[in-house]
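Student: test case, fold it:
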Amino acid sequence: MRGVSMPTHQYAQLAEAYLQPRIPNPATPGERPKVVVPDILSLAMTTRAYTRVVLRLRAQAESEARAFARSHVTSPVSSRPATRDGQVVRSSSNRTPSPTSLYSSGKSSSVSASTKGAFQSPLVRLHRAPLLRVFVPSPEGEWLSDSSVMECEAELKRAGVLKLLRVGDVVWDVAVGDEGNSGRMVWDGSYLVDLDYKYSPMGELSPYFHSLGFSPSYFHRVIRTGVNAALNPAGNPLVYLDVSPWGQELAANLQLLQDRATTATPHGTLHSVVHWLHRSSFTIRPPVSPHHPHAYSHSQNLRLPIPNVAGFFIDPGWYGTVIVEAEGTNEGLSDFQARCGPGAFPPRADNVTSKMRNEKEKGSRRVYRVLREKSRPGEIWIRAVREKDRVM
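Tutor: As a prediction, the model looks like this:
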């Protein structure tokens, strides 16, 4: 298949050749000069076929995963605890607890079934965003104009995949190139949405999307994350969460702690420093049907809606404990309290300066970074990102 075998950088080279002025090649005596033009239609048809294959593989992977889950549903008899001589025998988890965890006892709230014999493909991974392709040469270069974005949407329609697209699918215009996140856009259910460049020059997910609706690693390696030695040395991705529905729980669990972190000097050397930070946590519990005697085994069929967001549901990858970190300064505490919503903390007396700062940072109170080095299934660590962390 040409869409798989052809290196992606060749798409950009052919698109650039197509956009260059037409210069006829020298012809032999007696022949007319020939103009070499790349076969743009063939390249567009190649990306359409590639997109159809990727979506077909996703449907196949999800179908096999559902069949596997149905065949391994715990029966009511086997779900009872084992007994020996009339006493309950409890099996201990052999999972090593997170070395940085202060909130878990080594038991994960998310138990993954055996993946032996599961669907595998280099083009599709379950619970990850697919990277679909279109081919639309852009006269404006890496920055797609409105007309180029509309043409990308038209290419998806020509491929016949509009009804198969889902919110969060990533579409890549391969004609732009493979530098960073160039040409990458996210489908919002009706249109393609460009990436956001406020906190990263490479682009991050737009705040238009609700991150609780996707697993924490949904866009991993699909939307690339830039490394910033000062603001984001670990290359952690942005997420957009409204934690105010859990504000009371966050206020009750708030602590001021010392933590050790690695920082970079202007000369590029790394130093380990101790700093203060505020840390709290809240729990997202899986939905349980109260009308079924074995509700736990059937909870996978239930969905937990995102608070204050109609029509969207929390992805099971967020079920468990969410640990929230913020700066250990007075400004960091004030920002954290504002994120928890009204009523979670006693009202504070604000002066003119604090009111201006709160008004300026109101738009960034949903912005966090997932701490990959600390997170694990059932325990997601996030850190608040403030307005001062913007790069644009």
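Student: least confident secondary structure element in this structure?
Tutor: helix 295-298 (a mean of 46; mean pLDDT, DSSP states H and E).
Student: downstream of it, the next helix or strand is which one?
Tutor: Helices and strands here follow DSSP states H and E; after helix 295-298, the next one along the chain is strand 320-327.
Student: just the element for the residue nearest to Asn253 when sequence neighbours are not counted, please.
Tutor: Counting by CB to CB, 6 or more residues apart in numbering, Ser280 is the residue found nearest to Asn253 once chain neighbours are left out, at 4.5 Å. (C-beta placed from N, C-alpha, C; glycine too.) Per DSSP H and E: Ser280 is located in strand 270-284.
Student: shaky segments in the stretch 251-392 of the chain?
Tutor: 264, 266, 289-301, 349-361, 363 (pLDDT under 70).
Student: kindly report the same for the stretch 1-150 of the chain.
Tutor: In the stretch 1-150 of the chain, residues with pLDDT under 70: 1-3, 22-37, 73-118.
Student: please redo it, this time with the cut-off set to 80
Tutor: 1-5, 21-38, 72-119, 141 (pLDDT under 80).
Student: start from the N-terminal end of it and give the strands.
Tutor: 83-84, 87-88, 131-134 (DSSP state E, counting those that start in this stretch).
Student: what's the distance between the residue positioned nearest the centre of the chain and Gln258?
Tutor: The centre of the chain sits closest to Phe219, judged by CA atoms, centre = their mean, with a distance of 3.7 Å. Separation of Phe219 from Gln258 (CB to CB, to the nearest Å) stands at 32 Å.
Student: do Pro342 as well
Tutor: Remark: distance between Pro342 and Gln258 (CB to CB) = 30 Å.
Student: repeat that for Thr8.
Tutor: 46 Å.
Student: who has more neighbours, the two?
Tutor: Comparing Thr8 with Gln258 by other CB atoms under 10 Å, the one with more neighbours is Thr8, at 12 against 9.
Student: the more buried one touches Val174, doesn't it?
Tutor: Yes - taking contacts as CB atoms under 8 Å, Thr8 lies within contact range of Val174: 5.7 Å.
Student: burial of the closest residue to Glu142 other than its chain neighbours, as a residue count?
Tutor: Leaving aside its sequence neighbours, Glu142 sits nearest to Ser182 (CB to CB, 6+ apart; 4.6 Å). Each residue near Ser182 was counted by other CB under 10 Å, and the total is 21.
Student: what's the longest helix in this structure?
Tutor: Looking across the chain with DSSP state H, the single longest helix is helix 40-71.
Student: show me which residues of that helix are buried.
Tutor: Neighbour-count burial for helix 40-71 flags 43-55, 57-58, 61, 65, 68 (criterion: 16 or more other CB atoms under 10 Å).
Student: likewise for stretch 235-255?
Tutor: Within stretch 235-255, the residues that qualify as buried are 236-244, 246-247, 249-251, 253-254, counting by 16+ other CB under 10 Å.
Student: which of those residues fall within helices?
Tutor: Taking DSSP H, the ones among those that sit in helices are Gly247, Glu249, Leu250, Ala251.
Student: returning to what we had before: backbone phi and psi for the residue nearest to Glu142, please?
Tutor: phi -60, psi 130 (degrees, to the nearest 10).
Student: how close does it get to Val4?
Tutor: From Ser182 to Val4 the distance is 21 Å (CB to CB).
Student: how about the secondary structure of the closest residue to Val273 other than its chain neighbours?
Tutor: By the measure of CB to CB, 6+ apart, the closest residue to Val273 outside its immediate chain neighbours is Thr263, 5.6 Å from it. The three-state assignment at Thr263 reads strand, by DSSP: H, G, I helix; E, B strand; the rest coil.
Student: you'd agree Thr263 is up against Thr269?
Tutor: No - Thr263 lies out of contact with Thr269 (CB under 8 Å); the separation is 9.7 Å.
Student: neighbour-wise, which of the two wins?
Tutor: Using other CB under 10 Å, the more surrounded residue of Thr263 and Thr269 is Thr263, with 13 against 8.
Student: who does that one form a beta bridge with?
Tutor: Note on Thr263: beta-bridge partners by DSSP bridges are His271.
Student: which residues touch it?
Tutor: The contact partners of Thr263, taken as CB atoms under 8 Å, 6 or more residues apart in numbering, are Pro233, Leu270, His271, Val273.
Student: how near is Val161 to Cys340?
Tutor: 41 Å.
Student: hmm, back to that, Tyr11 versus the residue nearest to Glu142, what's the distance?
Tutor: Distance from Ser182 to Tyr11, by CB to CB: 12 Å.
Student: ok, so of the buried residues of stretch 235-255, who is nearest Lys198?
Tutor: For the buried residues of stretch 235-255, the closest approach to Lys198 (CB to CB) belongs to Leu238, at 9.2 Å.
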